[in-house]
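1. Task: produce atomic coordinates for the following.
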Amino acid sequence: MAQSRKIPYGKLVRDRIPEIISAGGQIPEIRVLGPDDFLVALIAKLHEEAEELGSAEVDEVLSELADVHEVLAALTIALGHTDEEVEAAAASKRSERGGFDERLWLDEVRVPQPG
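-> Model (predicted):
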């Protein structure tokens, strides 16, 4: 039997990734996460995808946005919410605090000292 080299990943992957890996002649070692571990993995995946979006080239941005969107959709379901609930919460927050249309950056806040 031929020797094999192991490449560690230790991360959540899309559902078809094991099939794609196998089609390439490699052998994926996978396991199905329980609900608690799945939530932790989704949060980690959101960070990963957000980092990738932040460093994406112009022609990669749409694909990276799609990845972030997909992770947020999975998180919404895993946390027991619907898209409609998330949209309503976003609309409420936008109404109370605004959106990001004006592109405001807060540099600092000065706090007056008494006296």
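2. C-alpha only now, for contacts and for neighbours.
-> Noted.
3. if I look at the most centrally placed residue in the chain, how far off is A74?
-> By Cα atoms, centre = their mean, the chain has its centre lying nearest to L46, at 2.0 Å. L46 sits 10 Å away from A74, going by Cα to Cα, to the nearest Å.
4. do R97 as well
-> Taking Cα to Cα, one finds R97 at 26 Å from A74.
5. now for the longest helix along the chain, which elements pack on it?
-> When the chain is parsed with DSSP state H, its longest helix is helix 35-54. Packing partners of helix 35-54 (3 or more Cα pairs under 8 Å, 6 or more residues apart in numbering; DSSP states H and E): helix 61-78.
6. got the contact list for the helix it packs on?
-> 35, 39, 42-43, 45-46, 49-50, 52-53, 56, 82-83, 86 (Cα atoms under 8 Å, 6 or more residues apart in numbering).
7. Just want the angle from the helix or strand just after that helix to helix 61-78.
-> For helix 61-78, the succeeding helix or strand toward the C-terminus, using DSSP states H and E, is helix 83-97. Here the directions of helix 83-97 and helix 61-78 differ by 110 degrees (axes from the mean of the first three to the mean of the last three Cα atoms, to 10 degrees).
8. pLDDT on helix 83-97, on average?
-> On average, the pLDDT along helix 83-97 is 98.
9. Need the CA coordinates for that helix. PDB is fine.
-> C-alpha atoms of helix 83-97 as PDB (Å, rounded to 0.1, in the frame of the first residue of the first chain):
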ATOM      1  CA  ASP A  83     -34.600  35.400   7.000                       C
ATOM      2  CA  GLU A  84     -37.700  37.500   7.700                       C
ATOM      3  CA  GLU A  85     -36.800  37.800  11.400                       C
ATOM      4  CA  VAL A  86     -33.300  38.900  10.500                       C
ATOM      5  CA  GLU A  87     -34.600  41.400   8.000                       C
ATOM      6  CA  ALA A  88     -37.100  42.800  10.600                       C
ATOM      7  CA  ALA A  89     -34.300  43.100  13.200                       C
ATOM      8  CA  ALA A  90     -32.100  44.800  10.600                       C
ATOM      9  CA  ALA A  91     -34.800  47.200   9.700                       C
ATOM     10  CA  SER A  92     -35.500  48.000  13.300                       C
ATOM     11  CA  LYS A  93     -31.800  48.700  14.000                       C
ATOM     12  CA  ARG A  94     -31.500  50.800  10.800                       C
ATOM     13  CA  SER A  95     -34.500  52.800  12.000                       C
ATOM     14  CA  GLU A  96     -33.100  53.400  15.400                       C
ATOM     15  CA  ARG A  97     -29.400  53.800  14.600                       C
END
